[in-house]
Each structure stands twice: as C-alpha cells, then as structure tokens.
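> Fold the following, please.
(one chain, ligands or ions: 1)
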Amino acid sequence: MAAQTEKTSKKMKKTTINKIVSTILLAGVCEIGLVGVPAITNLTHASDNPKVIEITAKKFEFTPNEITLKKGEPVILRLTTTDRVHGFMSKPLKFDTDIPPGKTTDVAVTPDTAGDFTIICDHYCGTGHGGMNMKVTVVE
Ligand SMILES: [Cu+2]
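Residues are numbered from 1 along each chain as shown. Next up, the predicted model:
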C-alpha cells in the first residue's frame, strides 16, 4: 500500500512537471506569436509603409554616401547629424532641408526620373563644406 502511494505520488509529480513544462512551452509559443504579429502586419502593409533609409551627416560627409532608389517608389530619408547643422538639398529630387542636431529629420521622396543625382549640403558647415555630397542612383 505504501509502495502504491509512493508510485502514485511520483506519477503526480511527473504530471505536475509535465504541466509546468507545457505551460512554459505555451508561454514561449505565445511570446513568439506576439512578436510575430507586428512583422506580419508590416508585411501586409508593406506598400503603405515607405522604406526608410537612415542617413547620417557629419563634417564633411554623408553616410552612406551612395544610395539606390527605384523610380516611382516612395521612400523616407531619415536624417540625423552627429556634430552640427548641415543642409540636404537636391533640386531634381525636389527637396531642400536642414539637418539640425539633436533630432531626426524625415524627407519623403518619390523619384519620378531615372538617373544619377547628387545631394549636397547647402548649409555652410566649415572648410570641407564644398565637397560634402552624396550620390543617388534612381533605377527604372
Ligand atoms: Cu555643409
């Protein structure tokens, strides 16, 4: 009888552990599910959310200093500066903005012509200012 009780007790312990394990597993699955939801939402609305390209300005360069865009495809150029105010201008791409320090500046662009374009810093920032630019290639 004692042995039987011990057996039952062991079985119960095992069942409890199994329950805990499956709860942990379930929690894990739920977490993955939750993390997965925004990604799926993003995929569904990919066409509504323009691609974001982060560009950093500092004396006297933009990083990256070369990007490729697709004609007719809207993008957001997300601009920051690590030192001082810089300019960010392209006449053919139709934008002209400043990049003030301490904040993020978004420029929405939808190129309507294929070709090579240059974005320049048009806010005097020091001795190397004249050479501060980056290349944009717009492909069909
Ligand atoms: Cu400059």
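> what does this structure put close to the ion?
Within the chain, the positions near the ion by CB under 5 Å from the ion are Cys121, Cys125, His129, Met132. From N, CA and C alone the C-beta is placed, and that goes for glycine too.
> surely the second one meets Thr81?
Right, Cys125. No: using CB atoms under 8 Å, Cys125 is not in contact with Thr81, being 9.1 Å away.
> Neighbour count: the two, which is higher?
Thr81 (25 against 20; other CB atoms under 10 Å).
> ok, that one touching Lys59?
No: contact criterion CB under 8 Å: Thr81 and Lys59 do not qualify, at 9.3 Å.
> what about the helices in this protein?
Counting by DSSP state H, the chain has helices at residues 2-44.
> what stretches of it score poorly on pLDDT?
Within the chain, the stretches with pLDDT under 70 are 1-47.
> okay, now Glu61: neighbour count?
Neighbours around Glu61, by other CB under 10 Å: 16.
> Ile119 now?
Neighbour tally, Ile119, other CB under 10 Å: 26.
> do Ile99 as well
For Ile99, using other CB under 10 Å, the count is 23.
> Could you measure from it over to Asp112?
24 Å (CB to CB, to the nearest Å).
> Same list (the residues of the chain next to the ion) but as CSV, adding distance to His86.
Output for the residues of the chain next to the ion, formatted as CSV (distance: CB to CB, whole Å):
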residue, distance to His86
Cys121, 5
Cys125, 5
His129, 9
Met132, 7
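> Please name the residues that touch Glu73.
Pro50, Lys51, Thr110, Pro111 (CB atoms under 8 Å, 6 or more residues apart in numbering).
> The last one: what's it in contact with?
Yep, that's Pro111 we're talking about. Contacts of Pro111 by CB under 8 Å, 6+ apart are Leu69, Lys70, Lys71, Gly72, Glu73, Leu93, Phe117, Val136, Val138.
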